[in-house]
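Engineer: Here is a sequence with its predicted model. Questions after.
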Amino acid sequence: MHTETTLFHFDNSTTRLGNDIRKFANECCPAFRTYDLPRETAARARRQGSKTARVPATSAVIPKPAPVGRKQRSFNLATYKLHALGDYVHTIRLFGTTDNYSTQVGELEHRRVKRFYSRTNKIAFARGIAQHQHRERLLHIMKERKTRFEDESEEPLPKCLPEAHYQIGQSRRDYCNITAFLSMHKSDLALKDFLPRLKAHILGRLLSTEPGNGEEQEFTQAQYNALIIIKNRLYRHKILRVNYTSYDLRRDQDSLNPRTHADVMVLSHETEENPHPYWYARIIGIFHLDVQFNGPELNDHSAKRMDVLWVRWFARDRNFKSGWAARRLPRIGFYPQDDLANAFGFIDPNDIVRAVHLIPAYHFGCTKDLLPPSIARRKPDNNEDWEWYYVNM
């Protein structure tokens with residue numbers, strides 16, 4: 001730790017050291033003649049011999065012979081280490097003591113440039129290095145989009161049978177390792193208890209005979225251990241199609257994706273008097289995974305495909321009068337970050353009634369207080385949420 005007093009003495013000591021070094025170079029060094037060590041002389045001779053041996057005998061260019069004997073050496077003041085001495089105090093004032101940071105980043109960057117150089121043709125190497133860096137940056141951007149569930153590439157789906165309530169792609173090309181994914185975003189509050197919630201949701205669908213959210217039920221540790229996610233993979237999809245019956249008794253279909261059309265409605269399970277008939281959620285990710293349950297509760301222990309939606313739940317504003325009698329649209333908003341137990345979860349695509357149109361309540365504006373920066377938001381949201389939405393009816 002440094003104080004202003006220690007930095008003052010450090011600055012004076014650096015000035016005195018610089019004066020002594022210049023005095024040493026100007027007065028002491030000219031009085032002595034210094035030469036290469038014998039091993040340095042021998043190494044230089046070997047390098048010259050190797051260089052001469054590589055020149056073809058028919059070559060018109062004959063390399064100049066290196067001088068025989070030891071080379072005279074002098075003290076060199078024009079080095080970076082001596083030049084940087086004067087910047088230590090200023091750097092400590094800006095960034096803190098030197099044990100808080102390291103030169104390893106710059107040194108590793110130099111190693112990275114050398115790695116790119118070995119991939120070039122060694123002629124126009126500057127352009128080649130720049131192209132490799134550009135290509136690497138694009139790959140990093142693609143990887144970031146993949147982890148944020150914002151890949152804009154299309155996923156073609158065949159025509160869906162009208163009897164099927166929903167349709168998700170069958171592709172297995174786009175997947176992520178669950179452990180690596182959670183480790184990459186370990187500071188994201190949206191992923192708190194992600195895996196236990198996912199397993200509870202799957203166990204609820206496999207073992208429960210009651211409709212509803214499996215995350216609200218309790219399971220034993222033995223049941224959690226009996227559930228195996230094959231290859232520990234989540235297979236990601238871009239589009240979910242939901243078939244439903246419209247109010248005029250016609251077949252209709254909603255096409256949902258986490259980027260542009262992500263808001264859905266499901267039947268509520270409220271037990272209070274005069275409950276609201278629906279719950280509302282925003283889709284963050286569309287997944288399928290292969291699971292196997294080896295517990296005694298099921299006779300069939302074969303692998304099964306499970307389609308799940310990772311969602312961010314909306315909460316209804318109970319202090320706001322809405323409905324036909326009040327002639328107001330229902331008002332909803334995201335759960336705050338101090339209620340993460342209800343803010344995020346998983347739902348079965350079969351439970352979706354249809355997509356829902358939400359209108360931002362522009363009067364109340366946006367806020368960043370509901371959730372810190374997170375992959376649960378879409379990139380155009382700039383890490384902000386609307387305070388409230390109105391449910392269009």
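Structural biologist: Alright, I've got the coordinates. Numbers count the residues shown, from 1 in each chain.
Engineer: C-alpha from now on. contacts and neighbour counts both.
Structural biologist: Noted.
Engineer: where does the protein dip in pLDDT?
Structural biologist: 55, 57-68, 145-154, 209-216 (pLDDT under 70).
Engineer: Now with 80, please.
Structural biologist: In the predicted model, the chain carries pLDDT under 80 at residues 1, 51-69, 99-107, 142-156, 158, 160, 162, 208-217, 271-274.
Engineer: which strand is the longest one in it?
Structural biologist: Secondary structure assigned by DSSP state E gives strand 278-293 as the longest strand of the chain.
Engineer: Direction included, what does that one pair against?
Structural biologist: strand 227-229 (antiparallel), strand 233-237 (antiparallel), strand 263-267 (antiparallel), strand 304-316 (antiparallel) (DSSP bridges).
Engineer: where do the helices sit along this structure?
Structural biologist: 4-23, 38-53, 80-83, 88-95, 104-117, 125-147, 178-184, 194-207, 221-226, 340-343 (DSSP state H).
Engineer: Among the ones you listed, which comes closest to residue 70?
Structural biologist: helix 38-53 (5.8 Å; C-alpha to C-alpha).
Engineer: buried sites along that closest one?
Structural biologist: For helix 38-53, burial by neighbour count (16 or more other C-alpha atoms under 10 Å) applies to 44-45.
Engineer: likewise stretch 187-203?
Structural biologist: Within stretch 187-203, the residues scored as buried using 16+ other C-alpha under 10 Å are 188-192, 194, 197-203.
Engineer: in the stretch 251-393 of the chain, which spans are strands?
Structural biologist: 251-256, 263-267, 278-293, 304-316, 331-334, 344-347, 352-355, 358-360, 366-367, 385-386, 389-391 (DSSP state E, counting those that start in this stretch).
Engineer: Nearest to residue 53, out of the ones you listed?
Structural biologist: When those are ranked by distance to residue 53, counting by C-alpha to C-alpha, first place goes to strand 278-293 at 63.1 Å.
Engineer: Determine the angle, from 0 to 180 degrees, between that closest one and strand 251-256.
Structural biologist: 80 degrees (axes from the mean of the first three to the mean of the last three C-alpha atoms, to 10 degrees).
Engineer: Would you mind listing the buried residues in strand 278-293?
Structural biologist: Buried residues in strand 278-293, counted by 16+ other C-alpha under 10 Å: 279-293.
Engineer: now swap in stretch 219-237 and tell me
Structural biologist: Residues of stretch 219-237 classed as buried: 223-224, 227, 229, 233-237 (neighbour count, 16+ other C-alpha under 10 Å).
Engineer: Including distance to residue 272, could those go into TSV?
Structural biologist: Below are the buried residues of stretch 219-237 laid out as TSV (distance: C-alpha to C-alpha, whole Å):
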residue	distance to residue 272
223	32
224	32
227	34
229	37
233	39
234	36
235	38
236	37
237	36
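Engineer: Which two of those residues have the greatest separation?
Structural biologist: Top of the distance list for the buried residues of stretch 219-237 (C-alpha to C-alpha): 223 and 237, 28.0 Å.
Engineer: So for residue 157, which of the helices of the chain sits nearest?
Structural biologist: helix 125-147 (19.9 Å).
Engineer: what's the angle between that closest one and strand 233-237?
Structural biologist: 90 degrees.
Engineer: Quick one: list the elements packing against helix 125-147.
Structural biologist: helix 104-117 (3 or more C-alpha pairs under 8 Å, 6 or more residues apart in numbering; DSSP states H and E).
Engineer: C-alpha coordinates for the helix it packs on, PDB please?
Structural biologist: Written as PDB, here are the backbone C-alpha positions of helix 104-117 (Å, rounded to 0.1, in the frame of the first residue of the first chain):
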ATOM      1  CA  GLN A 104       1.300 -10.800 -18.600                       C
ATOM      2  CA  VAL A 105      -1.500  -9.500 -20.900                       C
ATOM      3  CA  GLY A 106       0.900  -7.600 -23.100                       C
ATOM      4  CA  GLU A 107       3.400 -10.400 -23.200                       C
ATOM      5  CA  LEU A 108       0.700 -12.900 -24.100                       C
ATOM      6  CA  GLU A 109      -0.500 -10.500 -26.800                       C
ATOM      7  CA  HIS A 110       3.000 -10.500 -28.300                       C
ATOM      8  CA  ARG A 111       2.900 -14.300 -28.300                       C
ATOM      9  CA  ARG A 112      -0.400 -14.200 -30.100                       C
ATOM     10  CA  VAL A 113       1.000 -11.900 -32.900                       C
ATOM     11  CA  LYS A 114       3.900 -14.300 -33.300                       C
ATOM     12  CA  ARG A 115       1.400 -17.200 -33.600                       C
ATOM     13  CA  PHE A 116      -0.400 -15.300 -36.400                       C
ATOM     14  CA  TYR A 117       3.000 -14.600 -38.100                       C
END
